[in-house]
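Enquirer: Fold the following and give me the result.
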Amino acid sequence: KTLDNVIPGVAIATALMPPLCTAGYGLANGNWQYFIGAGYLFFINAFFIFFAAFIVLKGVYSLPFHKQAEEVNRRNQLIFLV
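Expert: Modelled structure (predicted):
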């Protein structure tokens, strides 16, 4: 077995689990400010994890080994680097 999924798994767990636990705590104690704040943080973290993965995968799959126009490859690589 390889350890390819360890780092992304830990990153997702550390970004998503604490807000979910806090939301559960707020819900169990009837503290709606905790619940709403933690839920908001969870959705923000989930959105930006998705967004970062989308940007990285878009850059990886636009490399020259795929058959695209050279101009499109250069543009995508430049956007990926920025």
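
Enquirer: And stretch 74-82, what's buried?
Expert: Using 16 or more other C-beta atoms under 10 Å as the test for burial, stretch 74-82 gives N76. C-betas here are computed from N, CA, C, even on glycine.

Enquirer: Could you do stretch 6-18 as well?
Expert: For stretch 6-18, using 16+ other C-beta under 10 Å, the buried residues are 15-16.

Enquirer: Run through the neighbouring helices and strands of whichever helix or strand A28 is part of.
Expert: Taking DSSP states H and E as the definition, one finds A28 inside helix 6-29. Packing partners of helix 6-29 (3 or more C-beta pairs under 8 Å, 6 or more residues apart in numbering; DSSP states H and E): helix 32-60.

Enquirer: lowest-pLDDT helix or strand in the protein?
Expert: helix 70-81 (a mean of 73; mean pLDDT, DSSP states H and E).

Enquirer: circling back: and the contacts of the helix holding A28?
Expert: 31-39, 41-42, 45-46, 49 (C-beta atoms under 8 Å, 6 or more residues apart in numbering).

Enquirer: can we see that at 10 Å?
Expert: 3, 5, 31-46, 48-49, 52-53 (C-beta atoms under 10 Å, 6 or more residues apart in numbering).

Enquirer: just the buried members of those?
Expert: 34-35, 38-39, 41-42, 45.

Enquirer: got the angle for the helix holding A28 vs helix 32-60?
Expert: Interaxial angle of helix 6-29 relative to helix 32-60 (axes from the mean of the first three to the mean of the last three C-alpha atoms, to 10 degrees): 160 degrees.

Enquirer: Could you name the helices and strands sitting against the least confident helix or strand of the chain?
Expert: helix 32-60 (3 or more C-beta pairs under 10 Å, 6 or more residues apart in numbering; DSSP states H and E).

Enquirer: Right, I'll call it a day here.
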